[in-house]
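Any chance you could fold what I've pasted below:
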Amino acid sequence: MRTTIENLKQENLRLTQELKQQGMSFQHEQATRESVERQLAMQGEELKKARKDLSFYRENAARQGQ
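Alright, predicted model coming up:
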């Protein structure tokens with residue numbers, strides 16, 4: 001009986017530690033995802049600006065070619 005209790009305590013400790021580790025991994029993954037989403041949003045804005053600039057330059061080039 002005592003061995004079973006000790007085994008259960010050890011298993012409980014192992015599971016508690018595993019849960020803590022998985023929680024930290026989840027937090028790290030979530031922070032990484034948020035960082036990637038921010039970078040993606042910034043790159044989207046940069047792309048939008050680059051397309052606008054390109055359109056402007058194309059219009060000027062077309063006008064000069066006439």
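
need the helices for the protein, in chain order.
2-65 (DSSP state H).

Low-confidence ranges, it, go.
1, 66 (pLDDT under 70).

CA atoms of stretch 10-18 as CSV?
Extracted as CSV, the C-alpha positions of stretch 10-18 are listed here (Å, rounded to 0.1, in the frame of the first residue of the first chain):
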residue,chain,number,x,y,z
GLN,A,10,6.0,10.5,-7.8
GLU,A,11,3.7,10.3,-10.7
ASN,A,12,1.8,13.3,-9.5
LEU,A,13,5.1,15.3,-9.2
ARG,A,14,6.2,14.2,-12.7
LEU,A,15,2.8,15.2,-14.2
THR,A,16,2.9,18.5,-12.4
GLN,A,17,6.4,19.2,-13.8
GLU,A,18,5.4,18.2,-17.2
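
Could you list the buried residues of it?
Neighbour-count burial for stretch 10-18, counted by 16 or more other C-beta atoms under 10 Å, picks out no residue. (Each C-beta comes from the backbone N, C-alpha and C, glycine too.)

do the same with stretch 40-54
In stretch 40-54, counting by 16+ other C-beta under 10 Å, buried: nothing.

Identify the residues contacting it?
The list of residues contacting stretch 40-54 from outside it, by C-beta atoms under 8 Å, 6 or more residues apart in numbering, is empty.

tell me how far it is from the chain's mean position?
When C-alpha coordinates are averaged (C-alpha atoms, centre = their mean, to the nearest Å), stretch 40-54 and its chain have centres 20 Å apart.

Now do the contacts for Met24.
Taking C-beta under 8 Å, 6+ apart as the definition, Met24 has no contacts.

Kindly provide the distance from it to Leu8.
25 Å (C-beta to C-beta, to the nearest Å).

Repeat that for Arg2.
According to C-beta to C-beta, Arg2 and Leu8 sit 11 Å apart.

Which one's more surrounded, those two?
When neighbours are counted by other C-beta atoms under 10 Å, Arg2 and Leu8 differ, and Leu8 comes out ahead with 10 against 6.

Alright, calling it a day.
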